[in-house]
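> build the 3D model from these lines:
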Amino acid sequence: MTFALTFLTALVVAVIATPISMKLAKKWGAIAYPGGRHVHKRPIPRLGGIAIYAAFWFAALIIQVWDKSYATDISSVIQIRGLFIGSTIIVIVGIWDDIREMRPMVKLSWQIAAAAALLFFHFSMDEISLPFNRSLDFGALGLSAIGLILMVFWVVGLVNTVNISDGLDGLAAGICFMVALLLFWSANGIHQLPAAHLTLALAGALLGFLFFNFPPARVFMGDSGSMFLGYIIGGVSIMGLLKTATILGLVFPLLILGMPVTDLTFAIIRRKLRGQSMATADRGHVHHRLLDAGLTHRQAVLSMYGMSACFGVAAVLGAKGQWIWALAVLLVVFTLLIIIIMRRTAMLAVFSRRHSK
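You can find the predicted model right below:
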């Protein structure tokens, strides 16, 4: 019952708040105009992240008031406060960037500051669970500082991973919706109820937002939304999922986000080979390749949903010990991604023509 309340509360608030965020975007001048790398044809407001933020935290507050068991879990209450403070910082930075645009290094500095804020609220990666029932305990080795640095790197990495996937209508929201559902399944399976409620609140907020963001989009989430999503996914995974070997710890969240992680990795390599800064924007991402191959906007988004779902299936199979099947799924989806990323678009063009007939 409480899970349903969490999900529905976030969904309803997102549906109500998204039109309000669109009005604020127009008032403050946070508008994405066509041209350059942008593939949309008309000006679109880009402050949808405010609605996702409001829906998520409203649902999180309601469930803490409703479910008295939260009061007995002091550690989780402290961590949720840390998530609220840090995510508020990241959303404010994102709003400023959506309105005024911020230099990449300045934005990265704020991302690091927001991630470092979690250090004051019992967030750490001193002990990381690995596959095959093994773990790495930095604290026991007298290397606690490494665990703290790794935690900041983890959160900042996920912030930028989600940010780079926000290139098409509904893409980042849809991928993160699947990530949230799978993380809910994982957290609920190991009885990490605070993390389970938070991931379900995120799923509800994203589904409500997708009513307005699925192609053709009427609103974009902007950096305020994409950075918020990465921050929450990174923070919630540290709350419980990284501390249990039964759910693959570090590997599980990375597998679920495998598609944007792969895209980000190849983007860094591509820009370094060209002698460009890692922050340099280009049209080399997976969604650009699919569009250049002739797929429609919606076909490209649905194709990337499918690839993300495959990574999620592989994560679940791995969590259940079905490693051979998990590796088989990963091999297929990685092969497809490499074909797309390496500009071999001829077969993709044939595929898109077949489906357009």
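> name the spans of this protein whose pLDDT lies under the cut-off.
Within the chain, the stretches with pLDDT under 70 are 1, 35-41, 68-73, 127-143, 240-252, 276-284, 343-357.
> would you map the helices across it?
Remark: helices assigned in the chain by DSSP state H are 2-28, 49-66, 74-100, 104-116, 144-165, 171-189, 193-213, 222-239, 251-256, 258-273, 286-292, 297-319, 323-341, 346-356.
> mean neighbour count, these: which tops it?
Neighbour counts (mean count of other Cβ atoms under 10 Å) averaged over each of the helices of the chain peak at helix 222-239, with a mean of 28. Every C-beta, even on glycine, is put in place using the N, C-alpha and C of the backbone.
> distance from the chain centre to that helix, please.
Centroid separation for helix 222-239 versus its chain: 6 Å, with Cα atoms, centre = their mean, to the nearest Å.
> same question, stretch 259-278
Worked out by Cα atoms, centre = their mean, stretch 259-278 lies 18 Å from the chain centre.
> got the CA positions of it in PDB?
Extracted C-alpha coordinates of stretch 259-278, given in PDB (Å, rounded to 0.1, in the frame of the first residue of the first chain):
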ATOM      1  CA  MET A 259      23.800   2.400 -22.700                       C
ATOM      2  CA  PRO A 260      24.500   6.000 -21.600                       C
ATOM      3  CA  VAL A 261      27.800   4.800 -19.900                       C
ATOM      4  CA  THR A 262      28.900   3.300 -23.200                       C
ATOM      5  CA  ASP A 263      27.900   6.400 -25.100                       C
ATOM      6  CA  LEU A 264      29.800   8.600 -22.600                       C
ATOM      7  CA  THR A 265      32.900   6.400 -22.800                       C
ATOM      8  CA  PHE A 266      33.100   6.600 -26.600                       C
ATOM      9  CA  ALA A 267      32.400  10.300 -26.500                       C
ATOM     10  CA  ILE A 268      35.400  10.900 -24.300                       C
ATOM     11  CA  ILE A 269      37.600   8.700 -26.500                       C
ATOM     12  CA  ARG A 270      36.300  10.300 -29.700                       C
ATOM     13  CA  ARG A 271      37.000  13.800 -28.400                       C
ATOM     14  CA  LYS A 272      40.400  13.000 -27.000                       C
ATOM     15  CA  LEU A 273      41.500  11.400 -30.400                       C
ATOM     16  CA  ARG A 274      40.400  14.700 -32.100                       C
ATOM     17  CA  GLY A 275      42.300  16.800 -29.600                       C
ATOM     18  CA  GLN A 276      39.100  18.300 -28.200                       C
ATOM     19  CA  SER A 277      38.000  19.000 -24.700                       C
ATOM     20  CA  MET A 278      35.900  16.300 -23.100                       C
END
